[in-house]
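Student: Next comes the sequence, and after it the predicted model I'd like to discuss.
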Amino acid sequence: MPDKYQRIAENRKAYHDYHIEETLEAGIALQGTEVKSLRLGRVNLRDSFAKVERGEVFLHGVHISPYEQGNRFNHDPLRVRKLLLHKREIRRLIGKVREEGYTLIPTKLYFKNGRCKVELALAKGKKLYDKRDAIAKRDAERRARQAGARET
C-alpha cells in the first residue's frame, strides 16, 4: 500500500483458508469510540465475514475492543457494522455470493485519507488438500531461498 494508507489490521488466516478471487474497497459505518479504538489498533478480523442482507452489506464478527476512556458511550465490541458500497457493487456481489458459492471475507482494515476502509475479498473456501499443497509449496520456496543464500 502507498504511504497515505495506515494499516490497522490484516486477516492473514483468510489467505490460508480461502482462494481469493478478487478484492474491493468499502467504507464502514462506525461510532466515535470505535474509531478511537481502531487508531490504537485494537481490532481482530480473524473470524469475521460479510453478509448481504436486505440489499445492504453488513460486517459480522469483527471485534473492536471498547475504548478505555469511553465511558457509558462505549460500543458493543462485536456489533454488526454496515459497509458502505455503491448499489451496483452490492448487486454484483449478491449474484456472485448466491449463484457461484463465494463468501465475502474482510482481509485488511486501514485508514485512507483519514477514513476507515475495509478490503473485502470475494473468496471460495479451500479444501484440506489445497491447504496442504499451499504449505508444501511455501516450504519448498523457503528451502530454495535458503539454499541460494548459503551459496552466495
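Tutor: The structure has been received and is ready for your questions. Numbering: from 1, shown residues only.
Student: So which elements touch the top helix by length along the chain?
Tutor: The longest helix of the chain (DSSP state H) is helix 128-151. Secondary-structure packing of helix 128-151 (3 or more C-beta pairs under 8 Å, 6 or more residues apart in numbering; DSSP states H and E): helix 12-17. The way it works is simple: take the backbone N, C-alpha and C, and place the C-beta from them, glycine included.
Student: how far is the helix it packs on from where the chain is centred?
Tutor: 10 Å (C-alpha atoms, centre = their mean, to the nearest Å).
Student: before we move on, the earlier item: restricting to C-alpha, output the longest helix of the chain in CSV.
Tutor: What follows is helix 128-151, C-alpha atoms only, in CSV (Å, rounded to 0.1, in the frame of the first residue of the first chain):
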residue,chain,number,x,y,z
LEU,A,128,-7.8,-29.5,3.3
TYR,A,129,-5.7,-30.9,0.4
ASP,A,130,-5.4,-27.3,-1.1
LYS,A,131,-4.1,-26.0,2.3
ARG,A,132,-1.5,-28.8,2.4
ASP,A,133,-0.4,-28.1,-1.2
ALA,A,134,0.0,-24.4,-0.3
ILE,A,135,2.0,-25.2,2.8
ALA,A,136,4.3,-27.6,0.9
LYS,A,137,4.8,-25.0,-1.9
ARG,A,138,5.7,-22.3,0.6
ASP,A,139,8.2,-24.6,2.4
ALA,A,140,9.8,-25.6,-0.9
GLU,A,141,10.3,-21.9,-1.8
ARG,A,142,11.7,-21.2,1.6
ARG,A,143,14.2,-24.0,1.3
ALA,A,144,15.2,-22.9,-2.2
ARG,A,145,15.8,-19.3,-0.9
GLN,A,146,17.9,-20.6,2.0
ALA,A,147,20.0,-22.8,-0.3
GLY,A,148,20.5,-19.8,-2.6
ALA,A,149,21.5,-17.6,0.3
ARG,A,150,24.1,-20.2,1.6
GLU,A,151,25.8,-20.4,-1.8
